[in-house]
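> model this:
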Amino acid sequence: MNKILTSLSALALILTLSACSEEQTTVQEVEKVEKVQVMKLTATEIEREVVLPSTLEGYDNLKVSTSVSGIIDEILVDVGDKVSKGQLLVKMDPTQYTTTKLQYANLGVEMGRMDALKEAGSISQQIYDQTKTQYNQLKEQLALYETNTFVRADFAGVISARNFEPGELCAGQPILQLTQINKLKAYINVQENYFPYLKKGMKLTLTSDIYPGKTFPASVEVVYPTIDPSSHTFSVKVLIPNASETLRPGMYVTTSIPVGKVQGLLVPYQSVLKLIGSNERYVFVNNNGVAKRVKVELGKRYDRDIEIISEELKEGDELVVVGQGRLVDGVKLEIVK
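Alright, predicted model coming up:
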């Protein structure tokens, strides 16, 4: 019995010590303090540029198909091939075209005879008109079959998809996809407060991480006139000349939009953090001794500084500039020099 009591007492002591240890650990975690350095935000007059992300698209994308069902006789291009405007891409079974062409030629001979008879007054106007109507209808039908038998490129570009092989039946589905890449487009969503600044023809610049230190010219092609009430943004279509074909559809780029002189907040570039797996940027500020995470948009970069834009930030706020990488929202701060 004494041994049992002794064992129970020992177990109780162990549990008590374990609970105390857990309580101490919890207290230590709650009271964790991060040492950081801060700077006070001050407003500076700057030439503001709003920098927004977008993905490039081919300026035009054409699904190459036929309006007449038929067997594919030959496909003369493959994915990745560059083609010129008017180049032959696909040949369909020419049976209908050949038959119609022969009928048109025969009716053309008949039409010539009808012209002579009409001039001589040997046939009625009704018979002449009937033959003329048949001739014009066959001419239109021949043009339709020619277009759908010899399928050509509407513009210069690159073949970006191939969906059929010779010998297969095509009933109007896309055989190929043709993408224009000598000029590109991008759509960007801009905050509504910048609506007065964006005008058709405005010059912009693009950058891509694929080409560090290089900029590409662009311009505003369309400013869409309505504001999205849920996001408070409006859409802009951007035109990007690409004669060298350096840029390609699908590339991620950032677009810099000049919006005039403003009072802005410039901060060290390294003080701005990026959310992993996203393009969202944020900073930390000292909020009465506690770290507060604030989402920001980026403006123009000036050497080691960059403008940050957020309605939550104001002049005099203390921005964390050293130690921000260790912070989470709500952690206590110790400000050091």
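> Helices of this structure, start to end?
Secondary structure of the chain (DSSP state H): helices located at 2-30, 95-120, 125-149.
> Of all residues in the protein, which one is nearest the centre?
residue 55 (2.7 Å; Cα atoms, centre = their mean).
> got the contact list for that one?
Taking Cβ atoms under 8 Å, 6 or more residues apart in numbering as the criterion, residue 55 is in contact with 186, 250, 251, 252, 253. Every C-beta, even on glycine, is put in place using the N, C-alpha and C of the backbone.
> now with 10 Å?
Residues near residue 55 by Cβ atoms under 10 Å, 6 or more residues apart in numbering: 186, 187, 188, 249, 250, 251, 252, 253.
> Could you list the domains of this protein?
What the record gives for the chain is the domain set 35-57+181-335, 61-179, from automatic domain parsing.
> Any chance of those domains in JSON lines with mean pLDDT as columns?
As requested, the domains of the chain are exported to JSON lines (pLDDT from 0 to 100):
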{"stretch": "domain 35-57+181-335", "mean pLDDT": "94"}
{"stretch": "domain 61-179", "mean pLDDT": "95"}
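> Who are the contact partners of the closest residue to residue 66 other than its chain neighbours?
For residue 66, ignoring the flanking residues on the chain, the nearest one in space by Cβ to Cβ, 6 or more residues apart in numbering is residue 148 at 4.3 Å. By Cβ under 10 Å, 6+ apart, residue 148 lies in contact with 65, 66, 67, 68, 69, 70, 90, 92, 96, 97, 170.
> what do you get if the cut-off is 7 Å, keeping everything else the same?
Neighbouring residues of residue 148 by Cβ atoms under 7 Å, 6 or more residues apart in numbering: 66, 67, 68, 92.
> Report the two of these separated the most.
The largest separation in those, counting by Cβ to Cβ, is between 67 and 92 at 11.1 Å.
> More neighbours: the two, which one.
residue 92 (22 against 8; other Cβ atoms under 10 Å).
> beta partners for the more buried one?
Using DSSP bridges, the beta-bridge partners of residue 92 come out as residue 72.
> Now do it against residue 99, distance only.
From residue 92 over to residue 99 the distance is 14 Å, taken as Cβ to Cβ, to the nearest Å.
> how much space is there between residue 74 and residue 248?
Taken as Cβ to Cβ, the span from residue 74 to residue 248 is 28 Å.
> what about the two, which has more around it?
Per other Cβ under 10 Å, whichever of residue 74 and residue 248 has more neighbours is residue 248, with 15 against 12.
> count of neighbours near residue 210?
Residues near residue 210, counting by other Cβ under 10 Å, number 12.
> Return the backbone torsion pair for it.
Residue 210 adopts backbone torsions of phi -70, psi -30, taken as degrees, to the nearest 10.
> Could you find the closest non-adjacent residue to it?
Counting by Cβ to Cβ, 6+ apart, residue 210 lies nearest to residue 251, which is 6.6 Å off, once chain neighbours are set aside.
> what residues are up against the one you found?
Counting by Cβ under 7 Å, 6+ apart, residue 251 has contacts 56, 208, 210.
> let's go with 8 Å and repeat that
Counted by Cβ under 8 Å, 6+ apart, residue 251 has contacts 55, 56, 208, 210.
> Using JSON lines, please lay out those residues together with distance to residue 129.
As requested, these are exported to JSON lines (distance: Cβ to Cβ, whole Å):
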{"residue": "55", "distance to residue 129": "57"}
{"residue": "56", "distance to residue 129": "55"}
{"residue": "208", "distance to residue 129": "64"}
{"residue": "210", "distance to residue 129": "65"}
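> May I ask which two of those are separated the most?
Distance extremes for the contacts of residue 251: the farthest pair is 55 and 210 at 12.9 Å, using Cβ to Cβ.
> Cool, thanks, talk later.
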